[in-house]
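Trainee: Take a look and give me a structure for this.
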Amino acid sequence: MESGQCLSLANEAVRETLIFPARTGNPDLLLPEARRYARRWLREQFASEHPRVIASHEALSFVRTEAEVRRIKRLMAGRRVTVIVVLRDPVAYARSFAEQLASMGFASESRYASSFMNVSPRSWLLDTDRLLAVYRRVFGRRSVIVLDYDEVRRSGSVTRTLWEVAGLPVPEDPSVLDAWENVSAAKPPHPPARRWAHREWE
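Mentor: The predicted structure is shown next:
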């Protein structure tokens with residue numbers, strides 16, 4: 001199994017007009033030569049012999065168009081794909097995201113409707129129906145699994161639930177998964193799964 005926090009995949013998928021935090025911190029991500037390199041590298045990883053490849057990044061939640069999701073699919077090299085989406089309560093998510101933006105030095109809100117800093121009640125960021133719709137159209141309804149963050153938290157561990165849904169073997173010490181539970185409090189340690197050795201995954 002290969003796994004990683006895949007900024008490269010998110011950067012390739014998400015529309016160029018959306019300047020989200022990772023792109024702000026690394027403008028080179030949008031350079032044509034950087035994107036060509038990332039696409040080649042991603043295709044190699046997805047075409048590898050590993051039976052299961054897991055790629056995750058919070059910016060993958062920014063996609064809202066079919067074209068964006070099809071860019072993801074083209075890079076998957078014909079693999080059977082399962083999309084796992086974890087949804088939070090919209091009000092709680094908007095509040096948490098605004099706090100995260102402020103902690104990163106961004107404005108905690110924006111007057112512009114298309115901005116990634118738009119955390120108003122009518123923000124596109126909270127339109128999860130559109131998010132799910134584009135993933136389902138491209139990968140198929142049965143290939144998209146939706147988890148309720150708050151419900152999972154009440155019944156147990158979010159990370160352990162994701163681990164089980166992804167069909168991963170339970171670690172010898174399952175408690176290591178709990179290190180990822182509170183990601184807003186501090187940067188978590190590396191996950192126990194083997195990570196791809198590539199700087200764009202950091």
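Trainee: I'd like to know how many residues surround residue 96.
Mentor: 14 (other CB atoms under 10 Å). Any C-beta I mention is one placed from the backbone N, CA and C, and that applies to glycine too.
Trainee: which residues in the protein form helices?
Mentor: 7-13, 21-25, 32-46, 66-75, 90-103, 128-139, 149-155, 158-165 (DSSP state H).
Trainee: Pick the most deeply packed of the ones you listed.
Mentor: Ranked by mean neighbour count, the helices of the chain are led by helix 7-13 with a mean of 23 (mean count of other CB atoms under 10 Å).
Trainee: Any stretches of the protein with poor pLDDT?
Mentor: Under the criterion pLDDT under 70, the flagged ranges of the chain are 1-5, 178-202.
Trainee: Find the centremost residue of it, please.
Mentor: Centroid check for the chain by CA atoms, centre = their mean gives residue 57 as the closest residue, at 2.8 Å.
Trainee: what's the nearest residue to that residue if we skip its chain neighbours?
Mentor: residue 10 (4.2 Å; CB to CB, 6 or more residues apart in numbering).
Trainee: how far away is the one you found from residue 117?
Mentor: According to CB to CB, to the nearest Å, residue 10 stands 17 Å off from residue 117.
Trainee: do residue 58 as well
Mentor: Taken as CB to CB, the span from residue 58 to residue 117 is 15 Å.
Trainee: Then residue 33?
Mentor: Per CB to CB, residue 33 is found 29 Å from residue 117.
Trainee: Surely residue 135 touches residue 144?
Mentor: Yes. Using CB atoms under 8 Å, residue 135 makes contact with residue 144 at a distance of 5.0 Å.
Trainee: Find the residues that touch each one of those two.
Mentor: With contacts taken as CB atoms under 8 Å, 6 or more residues apart in numbering, residue 135 and residue 144 have 83, 85 as neighbours in common.
Trainee: got a list of contacts for stretch 25-38?
Mentor: 7-8, 11-12, 16, 22-23, 200.
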